[in-house]
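>>> need a structure here:
(one chain, ligands or ions: 1)
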Amino acid sequence: MEIRTFEIEPFTKEPYRLLDEEGKPLFDFEPEDFGLSKEFLLRLYKDILLTREIDRMGWILVRQGKAYFYISIGGQETSHVASLYALEKDDLVMPFYRTVPSLHVRGAKVEEIFAQIMGRASDPLKGRQMPGHFGKKDLNIFVLGSPVGLGHPVAMGIAMGIKYKKENKVIISYGGEGSTSEGHFHSAMNFASVFGLPLIIFIVNNQYAISVPRVKQTASETIAIKAKAYGAEGYYIDGNDALITYLVTKKCVNEARLNKRPFLIEAETYRFDPHSSADDDKKYRSREELEMWKRKDGLLRLKKYLEYLGIWNEEKDEFLKREIEEKLNKIVEEVEKIPFPEPRDMFYEVYVKTPWYLEEEYLELKKEMEG
Ligand SMILES: Cc1ncc(C[n+]2csc(CCOP(=O)(O)OP(=O)(O)O)c2C)c(N)n1
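Model prediction:
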């Protein structure tokens, strides 16, 4: 679909994109026409690459027995990274498990991300959550609850708080397309529209909810169209196109901030690896389909576009990859030296004031450990 100006329509049947699968512009434009500098695109690419390498390391750690479980972002990094770039510093993020390796974009240290994956004491959550459930208060990153879709109504409540306090912020809530089949999603969309709240629900449609393909998940034409029923706008975009992902999210973020109303974004993409380290995707999807999507990879597409712009080449790419690899190896080595959290950490800092029954449980455990 062509966009000559940045006037886009909600509820399209085809996803918006600016680059084709080869990373070539679909029509004659310069990134500057959309307010995108070349430096910005390079930064974006480097962060998507870093996210992919963090993800690769996540799988290695499971194979080495240094992490017991991993949920990946591989293949859909572009959607997460480019949309996170559309936020301002004070905006809030409700991530979901796949967002975690990309949260360095919001200021999470790569060391903290690995400490969370490996359950070390330096994990901001001190090992209290399973891998993929990262949060950090000072970075405005909330901690995800495990039930699918639960983040959406929680984010809606936070958006209500933003409006009540007349703050100039928005919250973005991430989820997979499977989360839109849960009641949580519908309550969040309904109340956010009725009360006019600055909420962006960003759906990363990677085609499957574990083994359930999107077509068995919902009969609606697109996920984005679901916003219509709630009086909100829904945009359908190619989530492997970093440019359109950033621009459309930015537009929604700006409007949500200004006019206090919610938006739904559906970013179409694909996950390359099994749902988690406990899944076997060969049982429910073909290798041909996987290969077809690998050719549409957002990282590769942006790389080719940067090459087309004459600001990147294979040599620079190889150098950067090696640099990242060395950096990540060092980080993992350091994180491995950090001890596991204390058993005490299971009971404290869960509530603002630790309830008596958790104190009692802890004292019981302590006695047992000492005895
Ligand atoms: C209410 C609920 N049902 C089932 C599960 C198990 N579960 C965890 S992730 C997942 C799939 C979610 O799919 P989707 O929202 O499309 O996100 P994706 O993992 O594909 O990125 C399921 C069914 C759960 N955590 N919560």
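>>> Just give me the neighbour total for the closest residue to the ligand within the stretch 251-371 of the chain.
Checking the stretch 251-371 of the chain residue by residue against the ligand with C-beta to the nearest ligand atom singles out His275 as nearest, at 5.7 Å. Using the backbone N, CA and C atoms, a C-beta is placed for each residue, glycine as well. Residues near His275, counting by other C-beta atoms under 10 Å, number 20.
>>> ok, it - contacts?
Listed by C-beta atoms under 8 Å, 6 or more residues apart in numbering, the contact partners of His275 are Ile71, Tyr208, Ile210, Ser211, Asp281.
>>> which two from those end up farthest apart in space?
Spanning the widest gap among the contacts of His275 are Ile71 and Ser211, at 14.8 Å by C-beta to C-beta.
>>> higher neighbour count, these two?
Ile71 (24 against 14).
>>> Tell me where the stretch 151-300 of the chain has strands.
171-176, 199-205, 208-209, 212-213, 233-238, 263-268 (DSSP state E, counting those that start in this stretch).
>>> contact partners of the last one?
Outside of strand 263-268, the residues that reach it under the criterion C-beta under 8 Å, 6+ apart are 15, 76, 79, 83, 177, 189, 199-205, 222-224, 226-227, 232-240, 245, 248-249, 252, 255-256.
>>> count of neighbours near the residue lying closest to Ile8 once chain neighbours are set aside?
Closest residue to Ile8 apart from its sequence neighbours, by C-beta to C-beta, 6 or more residues apart in numbering: Tyr16 at 5.9 Å. Close neighbours of Tyr16, defined as other C-beta under 10 Å, add up to 21.
>>> Thought Leu243 was touching Tyr16, still the case?
No - between Tyr16 and Leu243 there is no contact under C-beta atoms under 8 Å: 10.1 Å.
>>> Next up, the contacts around the closest residue to Gly119 other than its chain neighbours.
Among residues not flanking Gly119 along the chain, Gly127 sits closest, at 4.2 Å (C-beta to C-beta, 6+ apart). Residues in contact with Gly127 (C-beta under 8 Å, 6+ apart) are Gly119, Arg120, Ala121, Phe340, Pro341, Asp345.
>>> just to revisit the earlier point, looking at the backbone only, give me phi and psi for the residue nearest to Ile8.
According to degrees, to the nearest 10, the main-chain angles of Tyr16 amount to phi -70, psi 140.
>>> partner residues bridging it?
Bridge pairing for Tyr16 (DSSP bridges) gives the partners Ile237.
>>> For the ligand, tell me whether stretch 101-121 is touching it.
No - Stretch 101-121 does not reach the ligand (C-beta under 6 Å from any ligand atom); its nearest approach is 12.9 Å.
>>> list the buried ones in that stretch?
In terms of neighbour count (16 or more other C-beta atoms under 10 Å), stretch 101-121 has its buried residues at 101-106, 108, 110-120.
>>> Same check on stretch 82-101?
Those would be 82-87, 91-101, for stretch 82-101 by 16+ other C-beta under 10 Å.
>>> From those residues, which land in strands?
Leu92, Val93, Met94 (DSSP state E).
>>> rewinding a little: could you dump the strands of the stretch 151-300 of the chain to TSV with mean pLDDT?
Below are the strands of the stretch 151-300 of the chain laid out as TSV (pLDDT from 0 to 100):
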stretch	mean pLDDT
strand 171-176	98
strand 199-205	98
strand 208-209	98
strand 212-213	98
strand 233-238	98
strand 263-268	98
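>>> out of those strands, nearest to the ligand?
Smallest distance to the ligand across the strands of the stretch 151-300 of the chain (C-beta to the nearest ligand atom): 2.0 Å, for strand 171-176.
>>> Sheet partners, orientation included, of that closest one?
The strands beside strand 171-176 in its sheet (DSSP bridges) come out as strand 92-94 (parallel), strand 199-205 (parallel).
>>> contact partners of stretch 39-54?
Contact with stretch 39-54 is made by 31, 73-74, 77-78, 80-82, 85, 101-102, 104-105, 110, 113-114, 242-243, 246, 298-299, 302-303, 305-306, 309, 311-312, 320-321, 324-325, 328, as judged by C-beta under 8 Å, 6+ apart.
>>> In PDB, could you pull the C-alpha coordinates for it?
Provided in PDB are the C-alpha atoms of stretch 39-54 (Å, rounded to 0.1, in the frame of the first residue of the first chain):
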ATOM      1  CA  GLU A  39      21.400   8.700  12.300                       C
ATOM      2  CA  PHE A  40      18.100   7.700  13.800                       C
ATOM      3  CA  LEU A  41      17.700   4.800  11.400                       C
ATOM      4  CA  LEU A  42      21.200   3.600  12.200                       C
ATOM      5  CA  ARG A  43      20.400   3.700  15.900                       C
ATOM      6  CA  LEU A  44      17.200   1.800  15.300                       C
ATOM      7  CA  TYR A  45      19.000  -0.900  13.300                       C
ATOM      8  CA  LYS A  46      21.700  -1.300  16.000                       C
ATOM      9  CA  ASP A  47      19.100  -1.700  18.700                       C
ATOM     10  CA  ILE A  48      17.200  -4.300  16.700                       C
ATOM     11  CA  LEU A  49      20.400  -6.200  16.100                       C
ATOM     12  CA  LEU A  50      21.300  -6.000  19.800                       C
ATOM     13  CA  THR A  51      17.900  -7.400  20.600                       C
ATOM     14  CA  ARG A  52      18.400 -10.300  18.200                       C
ATOM     15  CA  GLU A  53      21.800 -11.100  19.700                       C
ATOM     16  CA  ILE A  54      20.300 -11.000  23.300                       C
END
